[in-house]
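K.L.:
Sequence and predicted structure, then a few things I'm wondering about:
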Amino acid sequence: MIRKIPSLLVVIGVLTSLTACDRKPDCEDNNCTKFTVVHTNDNHGRFWHNKAGEYGMAARYTVIDGIRKEVAANGGYTLVLSGGDINTGVPESDLQNAIPDFIGMNMIGYDAMAVGNHEFDNPLSVLAEQAELATFPMLAANIYDRETNERYFEPYKVFKVGDIDIAVVGLTTNDTPKLTNPLHTESLIFTDPTTEMKKLLKEINTNESVDLVFAATHMGHYQNGEFGSNAPGDVTMARALEEGQLDAIIGGHSQNPVCMAGRNSEYDKTFTAGDSCRPDKQNGTWIMQAHEWGRYVGRADFEYINGKLYLVDYRLIPINLKRMAFGKKLAWPVGEHVERNAEVEKALLPYQQKGSEQLDVIIGKLDGLLEGDRKIVRSQQTNLGRLIAKVHSEKVRADFGIMNSGGVRASIRAGDVAYRDVLTVQPFSNTIGLAEMSGEKLIKYLSKVATNTRTSGAYAQFYGVDMTVKCRDQDVEIHSINGQPFDISATYQFSIPSFSAAGGDNYPKINILEAGYVDAIELYEYIKKKKNIQIEDYNPKNEVKFTQSKSSLGCSIY
C-alpha cells in the first residue's frame, strides 16, 4: 500500500504496555499529528435515555462535544465513527424506522458508520431513506448488488486529519442473510470481509495515497478469535492480513466492551469505566469496541510521529450508567454525571413522545388468555410459553424452540392487545440465538434443560419437539422434531434466548449464532401480522411428557 510516509509500525504507547525499547518520541509540531477516534456501536434504537437516566444521545452529545473541544484546544483532530446496528431494539425507535437515531447522530456529528446486519431488518427502501437522511457515509465494502455486481455502499472514505490522510473501510458480517429477513437481502451478495479487505487494500494502493488505514466493522470481537457459530470477526481478519496493513479496527456486532486483561486475549471484567484500559491488539492492529446502546463512548488518543502510529491512551467513558458491563450492579452511578444537551433533547423529544403514544395502538386481538403468570408458567407448559418459543424458532428458521420461563413476566388477557402489553411480557430486551447440534449432543443438552426444576425460572417452555422427560434419570427420549421422526445422526437447529445460551438460569453454556432479534419486538410483529390470535392454536397438547416426578407437569425436587 502506498503511504505518504512508508513503513508503518504500530507501537504501544499507553499504560504499562510501553517498554523502554518502544518508548515514543516527543510529539513536536514539525513531526507529529495528534488525533482522537471517538466511537460507539450497536445503538439499537437507544436515542433516548432509559428510566434510570442511562445513556441517550443528548448525553452522548455532551461527552463527544467536550472531547472535540478539548482535543482541538490541544492542537489535535477528531474522528467520530460507529460500528453499526443503529436499528432495532426499542419500540419508540422501531416504530419510526430509527429516524430519531439518525437525527441524533447528525447532531453529534458522526463522520462515518459501518453498515450493521440490523440495518436490513427493514426493507431496502427504508435503508435508502436512512442513508439519505444521514449526513455521514454508510460504509460496507463487502455488500454487492446481485444484479449489477457493484458495491451497494461506499467501500471506504478518506479523511483529512491535520497533515495526514486516513482511509476508513467499512465491513459487514457475512452472516447478515442468516440474521435478518431474507426478503430484505435477496437482491444483495455479502462476501467474505477478510477477502474483501485484501482486495480493497489493493484498490486503495492504486487509487489513494494515505498514511493510515482503519476499518469500521460490524463483524464482532471474539476472544482469541474463537467465534464459535458466528462468522469470523475482527480478530480473525486482523490475523489474516500482513502485519502493518491495517492500523486499527473500530468494531461492533458482538457488543463487548473490549478492554483486555494484561497481555492475555481475555476481557478484563474488572476494568474501571472511564479509566485507561487496553484494547485488543492482533498482528499489529488495534481492535476496539464500546459495548452497546451508547452506554459508553470509546476514546482512543493517537499520535502519529515520524511515520509511526502510537496509541497514547484508551478508555471507555460511561454515559450516566447505573450498571457496568458484564451485568455488574452498582449502588451508585458509574463516573461523573453527564448533563444532557438541551438542543438535542428538544429535537428528539417529539419522537420519544410519538413513539410512546404508538405503544398504545391496538395491534391484535386474543380470544382467550395467554398464560404467563409467574406461578403457572414456571410450573407447566403454557400457551404463551409455546407461542414465544414458536415465534423465536420461526424467526431464525430453526427446527424447534426453547424459552426459559423466567423470561416470561406476565399474561396477556383476552381482547385487544397493544405493544405495551407485549412489553409487560418480555421487558428485558433479550435477544434470540440460533444453536446447532447433532442428535446425539441434543439428547445430552435437553436432558439437562428439560429436567430443570418446576417453579424455577429455568423451567423450559418448548415448541416443535415431542419428547418424554425422565426426571429422576435426568434423561430424555426424543420422539420427533418439527413433525419429523427424531434421527440421532441428523443435525438440528433450535432457537434459544442468548441469556440462556450464555449460562443464564444455570443452562449449559453453548455457542450460538447471535441473531440479535429482540424478543418483545418479534412477539409484537407476530401478533400484528396475525391480527387475531386463537389461543387453542398454542395450547400444549402433551408434546412434552414428564415421568419419574411427583408432577406430570415438570420435574420436582425430591
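P.N.:
Yes, it's here. Numbers count the residues shown, from 1 in each chain.
K.L.:
Show me where the stretch 251-400 of the chain dips below the pLDDT cut-off.
P.N.:
Scanning the stretch 251-400 of the chain for pLDDT under 70 picks out the ranges 262-264, 324-333.
K.L.:
got the residue ranges for the helices in it?
P.N.:
Remark: helices assigned in the stretch 251-400 of the chain by DSSP state H, counting those that start in this stretch are 342-358, 374-377, 383-395.
K.L.:
Can you lay out those as JSON lines showing mean neighbour count and distance to Gly483?
P.N.:
C-beta here means a position set from N, CA and C on the backbone, and glycine is covered the same way. Supplementary listing: these in JSON lines, determined by neighbours: other Cβ atoms under 10 Å; distance: least, Cβ to Cβ, whole Å:
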{"stretch": "helix 342-358", "mean neighbour count": "15", "distance to Gly483": "37"}
{"stretch": "helix 374-377", "mean neighbour count": "16", "distance to Gly483": "25"}
{"stretch": "helix 383-395", "mean neighbour count": "25", "distance to Gly483": "13"}
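K.L.:
Could I get those helices in CSV, plus columns for distance to Lys530?
P.N.:
Listed next are these as CSV, based on distance: least, Cβ to Cβ, whole Å:
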stretch, distance to Lys530
helix 342-358, 19
helix 374-377, 21
helix 383-395, 10
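K.L.:
out of these, nearest to Leu553?
P.N.:
Shortest distance between Leu553 and these, using Cβ to Cβ, is found for helix 374-377: 9.7 Å.
K.L.:
what does the closest one contact?
P.N.:
Counting by Cβ atoms under 8 Å, 6 or more residues apart in numbering, helix 374-377 makes contact with Glu371, Thr382, Leu384, Gly385, Ser405, Val408, Arg409, Thr455, Tyr459, Gln461, all of which sit outside it.
K.L.:
Could you write me a PyMOL select line covering just the buried ones among those?
P.N.:
Per 16 or more other Cβ atoms under 10 Å, the buried members of the contacts of helix 374-377 correspond to this PyMOL selection:
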select buried, resi 371+382+384+385+405+408+409+459+461
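K.L.:
Looking at the contacts of helix 374-377, spot the one nearest Gly45.
P.N.:
For these, the closest approach to Gly45 (Cβ to Cβ) belongs to Arg409, at 20.5 Å.
K.L.:
Look up how far Lys545 lies from the nearest residue to Arg454 once chain neighbours are set aside.
P.N.:
Spatial nearest neighbour of Arg454, chain neighbours left out: Gly554 (3.7 Å); criterion: Cβ to Cβ, 6 or more residues apart in numbering. Applying Cβ to Cβ, to the nearest Å, one obtains 11 Å for the distance of Gly554 from Lys545.
K.L.:
for Lys531, same thing?
P.N.:
Taken as Cβ to Cβ, the spacing of Lys531 relative to Lys545 amounts to 33 Å.
K.L.:
And the two? Which one has more around it.
P.N.:
Taking Lys531 and Lys545 together and counting by other Cβ atoms under 10 Å, Lys545 has the greater number of neighbours (14 against 11).
K.L.:
thought Lys550 was touching Ser556?
P.N.:
Yes: contact status for Lys550 versus Ser556: in contact at 4.2 Å, counting by Cβ atoms under 8 Å.
K.L.:
right, and the pair among the contacts of helix 374-377 with maximum separation?
P.N.:
Checking the contacts of helix 374-377 with Cβ to Cβ, the most distant pair is Leu384 and Thr455, at 17.1 Å.
K.L.:
re the thing from before, list just the nearest of the contacts of helix 374-377 to Val344.
P.N.:
Arg409 (32.4 Å).
K.L.:
Now for that closest one: which residues touch it?
P.N.:
For Arg409, the contacting residues are Gly372, Arg374, Thr424, Val425, Gln426, Pro427, by Cβ under 8 Å, 6+ apart.
K.L.:
for Leu369, same thing?
P.N.:
Under the contact definition (Cβ under 8 Å, 6+ apart), the residues listed for Leu369 are Ser411, Ile412, Arg413, Ala414, Ile535.
K.L.:
List the buried residues in stretch 437-449.
P.N.:
Using 16+ other Cβ under 10 Å as the burial criterion, the residues of stretch 437-449 that qualify are Met437, Leu442, Ile443, Tyr445, Leu446, Ser447, Lys448, Val449.
K.L.:
Okay, and which of the residues you listed map to strands?
P.N.:
Mapping those onto strands (DSSP state E) picks out Met437.
K.L.:
Turn the buried residues of stretch 437-449 into a markdown table, columns for distance to Asp101 and pLDDT.
P.N.:
Supplementary listing: these in a markdown table, determined by distance: Cβ to Cβ, whole Å; pLDDT from 0 to 100:
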| residue | distance to Asp101 | pLDDT |
| --- | --- | --- |
| Met437 | 37 | 97 |
| Leu442 | 39 | 98 |
| Ile443 | 44 | 98 |
| Tyr445 | 38 | 98 |
| Leu446 | 40 | 98 |
| Ser447 | 44 | 97 |
| Lys448 | 40 | 95 |
| Val449 | 36 | 96 |
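K.L.:
which ones among the buried residues of stretch 437-449 are found in helices?
P.N.:
Within the buried residues of stretch 437-449, residues falling in helices by DSSP state H are Leu442, Ile443, Tyr445, Leu446, Ser447, Lys448, Val449.
K.L.:
can you list those residues in JSON lines and add distance to Gly251?
P.N.:
Listed next are those as JSON lines, based on distance: Cβ to Cβ, whole Å:
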{"residue": "Leu442", "distance to Gly251": "33"}
{"residue": "Ile443", "distance to Gly251": "37"}
{"residue": "Tyr445", "distance to Gly251": "31"}
{"residue": "Leu446", "distance to Gly251": "35"}
{"residue": "Ser447", "distance to Gly251": "37"}
{"residue": "Lys448", "distance to Gly251": "33"}
{"residue": "Val449", "distance to Gly251": "32"}
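K.L.:
In terms of distance to His392, which of the residues you listed ranks first?
P.N.:
Each of these was checked against His392 using Cβ to Cβ; the closest is Val449, at 14.6 Å.
K.L.:
if I read this right, that closest one contacts Phe400, doesn't it?
P.N.:
No: taking Cβ under 8 Å as the contact criterion, Val449 and Phe400 are not neighbours in contact, 11.9 Å apart.
K.L.:
Pipe the contacts of Arg409 into a markdown table and attach distance to Asn256 per row.
P.N.:
Supplementary listing: the contacts of Arg409 in a markdown table, determined by distance: Cβ to Cβ, whole Å:
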| residue | distance to Asn256 |
| --- | --- |
| Gly372 | 32 |
| Arg374 | 32 |
| Thr424 | 30 |
| Val425 | 28 |
| Gln426 | 23 |
| Pro427 | 23 |
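K.L.:
between those residues, which has the most around it?
P.N.:
Gly372 (25 neighbours).
K.L.:
Tell me who's in contact with it.
P.N.:
For Gly372, counting by Cβ under 8 Å, 6+ apart, the contacting residues are Thr382, Leu384, Gly385, Val408, Arg409, Ala410, Ser411, Ile412, Val425.
K.L.:
Checking the fifth one next. Helix, strand or coil?
P.N.:
Looking back up the chat, that one is Arg409. The assignment at Arg409 comes out as coil when based on DSSP: H, G, I helix; E, B strand; the rest coil.
K.L.:
wait, isn't Tyr507 in contact with Thr451?
P.N.:
No: under the contact definition of Cβ under 8 Å, Tyr507 does not touch Thr451, with a separation of 11.7 Å.
K.L.:
Need the distance between the two termini of stretch 122-141.
P.N.:
End-to-end distance for stretch 122-141, by Cα to Cα, to the nearest Å: 20 Å.
K.L.:
is it true that Val213 touches Glu242?
P.N.:
No: the criterion here is Cβ under 8 Å, and Val213 misses it with Glu242 at 11.6 Å.
K.L.:
Same drill for these two, tell me which one is more crowded.
P.N.:
For Val213 and Glu242, the more surrounded residue by other Cβ under 10 Å is Val213, and the numbers stand at 27 against 11.
K.L.:
Tell me how many other residues crowd Cys245.
P.N.:
No Cys there; residue 245 is Gln. One way to gauge burial is a neighbour count; for Gln245, by other Cβ under 10 Å, it gives 18.
K.L.:
so what's it closest to, chain neighbours aside?
P.N.:
Computed as Cβ to Cβ, 6+ apart, the closest residue to Gln245 that is not its neighbour in sequence is Leu201, at 5.8 Å.
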